[in-house]
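S.K.: please work out how this folds:
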Amino acid sequence: MEDELTKEREHLQFIQDHIGHSLDRAKGEIKQTRDYTEIVLNTISHDEVLQLEKSKMQPYFAKLTFQEQHQSLRKTNACQEEIYIGRFGLFDRETLTPYVIDWRSPIANLYYEDAFQNVKVKAEHGFDLIFDVHLKRQFELKDSYLIQFFDSTNSIRSNEPLIERLRAKSEDRLKDIVETIQADQNRIIRADPSKLLIVQGVAGSGKTTIALHRLSYLAYQHKNNDTFQRFLIVGPSQLFIDYISDVLPNLGVEGVRQTTWESLLLDFLPKKIRLESRHNSHSSMPMNRALARASLLRGNLAMKTLIERFVNNLEATAIPMEDLILDRDHVMKHEQISRKFHHDFAHYPFIKRRERLITALKQWSTDCLKAVALRIENRAQHIGYTAMAEHVQKYKEHYERTLANYCKKIKTADVFTIYRKLLTNPKGIAWLIHHSGHEEWMEDIDTIIEQLQAMLQPNGKFTQEDLAGLFYLTVRLHGLDKHKPFSHIIVDEAQDLGAFQVYILRLLCNQDALSIFGDLSQSIYVHKGITNWTDISASLFTKPVQFEILKRSYRSTIEIMNLANAALSHWQQPHKVLAEPVLRHGDLPLLVQWSGRAEALTGIAARLHTLQMKGLQHIAVIAKTSEECEAIGKTLKTLGLPIHVITGRETHYEGGISVVPIYFSKGMEFDAVILLNPSANHYSDKDPIDIKLIYVAMTRALHKLYIDYWESLCKLIAKDPNLVILETRKS
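M.R.: Numbering: from 1, shown residues only. Reported below is the predicted structural model:
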């Protein structure tokens, strides 16, 4: 073993020397120039320098010994091959000898699959090669020095690198997992991009990280395809986008747009608007039923059909049922005008079609005026040139006035006016309810109409729920202009989007090129979201759908996940997926009862200080509402703690101690979580939203979970001593 370690250290030194020489060469090739060709070469050299710099500290993380299967049958070591696997490929420029294989290459799939025998690798032109793997060796490096390695064979498996990673403390940014990608995760990362991908993943299954690695994999596989260069990541908030922002650059993928659904669509609207932020469903006053239903209607696919019906009718009736008569000699029949609008310009969206028609009518009017002027010019010797000019001017003014009056009768459309009209019309709302599949909502129709009319007053602000309808109206009326479709769109936390919203994303990408990641157990909004993945897979897409389920949870300890699963079990949903925690044990969650709020916060402040002294730097105090969090933050700050209260307006994650409402904590993880006062007054064991809120809060914790309360504890939290440690503190 010691000899092997020495050999591996020598090999590592060789690769590091190679990187050093390659860096010197690449930097030397960058020149000050204005020549276009040399500028392009400089860009290539600059990219190479960045990649080599990222490879210096850890050129590779694994080694494989394997044979192609037909060679394995000869039972000879002469056919065995060795490769090292890293984040980026390295090779000798002169001999093209590969020193390190990129983790995204087809042959690296041997490392990530669980099997050691009969492992398939897709080769070029679509056929498979079959390999037998003899050894998987994983390396532990510290400050670019090789500490040790762990070997796995068909008979001996090592989980040490994964366990060590899971034991690690949280960081202020999400990190890549190329060293520890598991087989179920690898299958999703390398899934066929020609199929629509939907991933249902439990809390802690690595959905976000897998999604980012999938995009990195797709970028690598299609790096020579100019049409496969525009990627998009859609996340739930700007804070979340900041939290994940380092992963793709660390994987060598630069320039990918990462944004929220709201920010993406606002850029397409015909004028700038500001959205009103609503979190009524999480405030101290619950969202009323009619308001929730009014919001859900706007995210239902029936809304798409309602818009289409309106625009189709607008197009059908846009042209006035009359001829355009400039004078008795110049008449354009209604049928001719209609043919231009409905056939000649049919491939344009409505507004552009109208503009094209008016331009054509103006050109016709101009041609008519030229004919009149020519006729008058032939008579100029009889009436004089001055009289001729006055005569032509009268015709011009008459034609312009007649044309202007006619054009006013050609219907036009304003996106925002139409949207308000659609959603404040009682007949339209009744149609929407009927076709949304919720006939029982008719009992609330009067209140729903009142809610919509109040929200959509002419000078009122729009909300996030309005964006899908406003965008789709924009597309139908104005088109997507010169927007170039995205090659692939990654959607994270997709359970918070409605079917209509997912359809909108489909319009922005090539051929349904979407990878959709989410967890129905974390759908925590009463007024929006997907209740079943079949709602979108069956009704939205024409291409094949690959549906994957991730059950294994890697984030939290087994003890934390057992308690979270116990809470989620109250959700009466036969299709729910409970997480299967793996590998890592820790302390039981601590359930602490206090005599009052002041005592609880004083005790929590002392605990936060102790946790930080023990090296747990990223800690979340989680409560149900923003109002609670703001009050808690103020109190803890007066007790001398550096607190960051997350309000949803942040664009940067600060780390340290965060006080955060549950709905803003999704997608994030912390070394320790303190769930504050989950009382029976705040959480019902019959309400699916409350159940899932508790589940989300608990599953943010990596290592330690504390539940502190001073009111009657909700039934969602078990007092079972097998699940929690119970404490009562009176002061």
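S.K.: list the buried residues in stretch 671-680.
M.R.: For stretch 671-680, a neighbour-count test (16 or more other CB atoms under 10 Å) marks 671-678 as buried. Quick note: C-beta positions are derived from backbone N, CA and C, even for glycine.
S.K.: endpoints of it, how far apart?
M.R.: This stretch, stretch 671-680, spans 27 Å end to end (CA to CA, to the nearest Å).
S.K.: and it, how far out from the chain middle?
M.R.: Centroid separation for stretch 671-680 versus its chain: 28 Å, with CA atoms, centre = their mean, to the nearest Å.
S.K.: avg pLDDT for that stretch?
M.R.: Averaging pLDDT along stretch 671-680 yields 97.
S.K.: what sits up against it?
M.R.: 169-170, 597, 600, 604, 607-608, 611, 616-624, 628, 632, 694, 697-698, 700-717 (CB atoms under 8 Å, 6 or more residues apart in numbering).
S.K.: on that earlier part again, nearest to Lys427 among the buried residues of stretch 671-680?
M.R.: Pro678 (44.6 Å; CB to CB).
S.K.: closest to Cys79 among the buried residues of stretch 671-680?
M.R.: Nearest member of the buried residues of stretch 671-680 to Cys79, counting by CB to CB, is Asp671, at 47.7 Å.
S.K.: where does the stretch 401-550 of the chain have low pLDDT?
M.R.: In the predicted model of the stretch 401-550 of the chain, residues 538 satisfy pLDDT under 70.
S.K.: I'd say Thr625 and Pro661 touch.
M.R.: Yes. Counting by CB atoms under 8 Å, Thr625 touches Pro661, with 6.0 Å between them.
S.K.: neighbour-wise, which of those two wins?
M.R.: Between Thr625 and Pro661, counting by other CB atoms under 10 Å, Pro661 is the more crowded of the two (24 against 18).
S.K.: which residues sit in contact with the more buried one?
M.R.: Per CB under 8 Å, 6+ apart, neighbours of Pro661: 279, 282, 622-626, 628-629, 646, 648.
S.K.: give me the buried subset of the residues you listed.
M.R.: Here, 16+ other CB under 10 Å leaves 282, 622-626, 628-629, 646 buried among the contacts of Pro661.
S.K.: adding pLDDT, secondary structure and distance to Trp431, write those residues out as CSV.
M.R.: CSV is the format used below for the buried ones among the contacts of Pro661 (pLDDT from 0 to 100; DSSP: H, G, I helix; E, B strand; the rest coil; distance: CB to CB, whole Å):
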residue, pLDDT, secondary structure, distance to Trp431
His282, 43, helix, 31
Ile622, 97, strand, 42
Ala623, 97, strand, 41
Lys624, 95, coil, 36
Thr625, 92, coil, 36
Ser626, 91, helix, 36
Glu628, 94, helix, 40
Cys629, 95, helix, 41
Ile646, 92, coil, 40
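S.K.: between those, which is nearest Thr153?
M.R.: Using CB to CB, these come closest to Thr153 at Ile622, 43.5 Å.
S.K.: gap between Ile558 and Val247?
M.R.: 26 Å (CB to CB, to the nearest Å).
S.K.: quick one: classify Lys634 as helix, strand or coil.
M.R.: Secondary structure, DSSP: H, G, I helix; E, B strand; the rest coil: Lys634 is helix.
S.K.: count of neighbours near it?
M.R.: The burial count for Lys634: 12, using other CB under 10 Å.
S.K.: tell me which residues touch the spatially most central residue of the chain, please.
M.R.: Closest residue to the average C-alpha location of the chain: Val234 at 2.5 Å, with CA atoms, centre = their mean. Contact analysis of Val234 by CB under 8 Å, 6+ apart lists 259-261, 264, 489-492, 505.
S.K.: how does it look with 6 Å?
M.R.: Contact analysis of Val234 by CB atoms under 6 Å, 6 or more residues apart in numbering lists 261, 491.
S.K.: again, but for the one 4 residues further on
M.R.: The contact partners of Gln238, by CB under 6 Å, 6+ apart, come to Thr651.
S.K.: please determine how far it is located from Lys484.
M.R.: Relative to Lys484, Gln238 is positioned 24 Å away (CB to CB).
S.K.: show me the shaky parts of the protein.
M.R.: Using pLDDT under 70, the chain drops low at 36-45, 71-78, 125, 227, 278-287, 380-386, 538, 730-731.
S.K.: so Gly596 is in contact with Trp710, correct?
M.R.: Yes. Counting by CB atoms under 6 Å, Gly596 touches Trp710, with 5.3 Å between them.
S.K.: more neighbours: those two, which one.
M.R.: Trp710 (19 against 12).
S.K.: out of everything not next to it in sequence, what's closest to that one?
M.R.: Among residues not flanking Trp710 along the chain, Trp594 sits closest, at 4.4 Å (CB to CB, 6 or more residues apart in numbering).
S.K.: and the one you found, how many neighbours?
M.R.: Neighbour tally, Trp594, other CB under 10 Å: 22.
S.K.: and it, what does it touch?
M.R.: The contact partners of Trp594, by CB under 6 Å, 6+ apart, come to 600, 710, 729.
S.K.: can you lay out those residues as CSV showing secondary structure and distance to Gly89?
M.R.: As requested, the contacts of Trp594 are exported to CSV (DSSP: H, G, I helix; E, B strand; the rest coil; distance: CB to CB, whole Å):
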residue, secondary structure, distance to Gly89
Ala600, helix, 54
Trp710, coil, 57
Arg729, strand, 57
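S.K.: return the member of those residues nearest to Gln363.
M.R.: Of the contacts of Trp594, the one sitting nearest to Gln363 (CB to CB) turns out to be Ala600, at 77.2 Å.
S.K.: verify the stated contact: that closest one with Asp708.
M.R.: Yes. Counting by CB under 6 Å, Ala600 touches Asp708, with 5.2 Å between them.
S.K.: which SSE is Ile707 in?
M.R.: strand 701-709 (DSSP states H and E).
S.K.: give the buried residues for that strand.
M.R.: 701-709.
S.K.: adding distance to Glu580, write those out as JSON lines.
M.R.: Formatted as JSON lines, the buried residues of strand 701-709 follow (distance: CB to CB, whole Å):
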{"residue": "Ala701", "distance to Glu580": "17"}
{"residue": "Leu702", "distance to Glu580": "17"}
{"residue": "His703", "distance to Glu580": "19"}
{"residue": "Lys704", "distance to Glu580": "21"}
{"residue": "Leu705", "distance to Glu580": "18"}
{"residue": "Tyr706", "distance to Glu580": "24"}
{"residue": "Ile707", "distance to Glu580": "23"}
{"residue": "Asp708", "distance to Glu580": "28"}
{"residue": "Tyr709", "distance to Glu580": "28"}
